[in-house]
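In: Pasting the sequence and the predicted model now:
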Amino acid sequence: MSEQSCRVIRAAEGYRGKQGLSYGGAVSAQSVGARRLCMHRVSIPPGARANAHLHEEHETAIFVLSGEAGMWYGERLEHHLSARAGDFVYIPAGVPHLPYNPSLTEPVEAVLARTDPDEQESVVLRPDLDGLR
């Protein structure tokens with residue numbers, strides 16, 4: 001068995017994901033060789049929304065650090081939830097969703113964890129749902 005090393009990932013330049021949101025430095029396959037998870041910070045600017053999407057085989061857990069976010073979800077984005085600072089959100093694998101920030105003044109900051117170490121690999125955009133909400 002090869003020796004594993006613990007690592008610190010400093011807040012670094014982020015990237016823009018397929019979902020249309022900005023992500024901060026992450027624990028991932030790319031950054032530390034993670035094999036079963038990815039964890040990163042996401043920012044949703046005031047009034048912004050993601051592209052409708054799903055993660056094929058991977059679950060997502062979210063902890064909202066600040067602000068309040070809304071999310072449409074379901075096969076036709078027919079369900080809705082709101083989460084604010086201190087709330088946790090769970091998204092099962094394969095569920096289409098469209099998160100957004102209803103505030104026109106405050107950003108939403110959250111930490112996401114997924115069971116996909118390559119984070120962007122399992123993202124499936126659903127442009128057919130974008131016009132529904």
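Out: Thanks, I have it.
In: contacting residues around the residue nearest to the spatial centre of the chain?
Out: Taking Cα atoms, centre = their mean, the centroid of the chain lies closest to Leu112, which sits 5.4 Å from it. Counting by Cβ atoms under 8 Å, 6 or more residues apart in numbering, Leu112 touches 38-42, 60-62. Just so you know, the C-beta spots here come from the backbone N, C-alpha and C atoms, and that holds for glycine as well.
In: Out of those residues, which end up buried?
Out: Neighbour counting by 16 or more other Cβ atoms under 10 Å classes 38-42, 60, 62 among the contacts of Leu112 as buried.
In: before we move on, the earlier item: could you dump the contacts of Leu112 to a markdown table with pLDDT?
Out: Listed next are the contacts of Leu112 as a markdown table, based on pLDDT from 0 to 100:
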| residue | pLDDT |
| --- | --- |
| Cys38 | 89 |
| Met39 | 91 |
| His40 | 89 |
| Arg41 | 89 |
| Val42 | 91 |
| Thr60 | 94 |
| Ala61 | 96 |
| Ile62 | 97 |
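In: if we look at whichever helix or strand Met71 is part of, which residues are touching it?
Out: Using DSSP states H and E, Met71 maps to strand 68-73. By Cβ under 8 Å, 6+ apart, the list of residues contacting strand 68-73 from outside reads 44, 52, 78-85, 89, 91, 95-103, 106, 108, 110, 132-133.
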